[in-house]
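Here is my input; please provide its structure:
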Amino acid sequence: MKLYLAKLVFAVQVDGNTEALEFDEQYRIVESGNSESAFYKARTIGHSEEEVFINANNQNVSWKFIDVSDIHSLSEFRDGEQIYSNSKKMEDGSSYIKYIRQKSMEIQVKNLTFA
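I've put the predicted structure just below:
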């Protein structure tokens with residue numbers, strides 16, 4: 001069995017929301033014998049996680065699985081190789097930088113080992 005990285009895409013729709021449709025891209029580890037079966041296994045996972053629920057504002061929220069858009073064998077990756085990139089435009093770039101540095105500090109503090 002090999003490990004594969006699969007990208008699953010979901011559409012998230014909130015009733016009454018007239019803004020642009022939101023999409024959730026999820027990267028999942030899938031164990032399978034080959035890329036074809038990994039693709040179909042990832043699809044099964046995606047379909048099994050479709051749901052509709054009521055949020056705190058009493059609105060229906062629908063998670064609809066779109067499809068698997070990428071599948072990669074993890075054995076093909078090298079240490080330090082980029083596997084994902086996302087660009088953002090921010091009105092307040094300094095606040096975003098502060099937020100990222102705070103998240104980094106939280107990871108560092110969480111993983112400190114005291115002697």
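
Please name the bridge partners of Ala6.
Arg28, Ile71 (DSSP bridges).

who's in contact with Trp70?
To be clear, residue 70 is Asp; Trp isn't right here. Leu5, Ala6, Lys7 (CB atoms under 8 Å, 6 or more residues apart in numbering). For glycine as for every other residue, the C-beta is placed from the backbone atoms N, C-alpha and C.

let me fix that: Ile83
So Ile83 contacts Leu5, Tyr27, His72, Phe77 (CB under 8 Å, 6+ apart).

thought the second one was touching Tyr84?
The reference is to Tyr27. Yes - the pair Tyr27 and Tyr84 qualifies as a contact (CB atoms under 8 Å) at a distance of 6.8 Å.

Which one's more surrounded, the two?
More crowded of Tyr27 and Tyr84, by other CB atoms under 10 Å: Tyr27, with 12 against 9.

Let me see the mean pLDDT of the helix ranked longest in the chain.
Determined from DSSP state H, the single longest helix within the chain is helix 93-110. The predicted model assigns helix 93-110 a mean pLDDT of 82.

where's the helix or strand bottoming out on mean pLDDT in the chain relative to the chain centroid, distance-wise?
Ranked by mean pLDDT, DSSP states H and E, the helix or strand of the chain with the weakest confidence is helix 93-110, at a mean of 82. Centroid separation for helix 93-110 versus its chain: 20 Å, with CA atoms, centre = their mean, to the nearest Å.

In the longest helix of the chain, which of the residues would be classed as buried?
Neighbour counts over helix 93-110 (16 or more other CB atoms under 10 Å) mark no residue as buried.

Just the pLDDT at the nearest residue to Lys7 once chain neighbours are set aside, thanks.
Distance criterion CB to CB, 6 or more residues apart in numbering; nearest residue to Lys7, sequence neighbours excluded, is Asp70 at 4.0 Å. Asp70 is assigned 90 on the pLDDT scale.

which residues does the residue nearest the centre of the chain contact?
Among the residues of the chain, the one closest to the centroid is Gln26, at 2.5 Å (CA atoms, centre = their mean). Shown in contact with Gln26 (CB under 8 Å, 6+ apart): Lys7, Leu8, Val9, Phe10.

looking at this, it is in a strand?
Yes - counting by DSSP: H, G, I helix; E, B strand; the rest coil, Gln26 is found in a strand.
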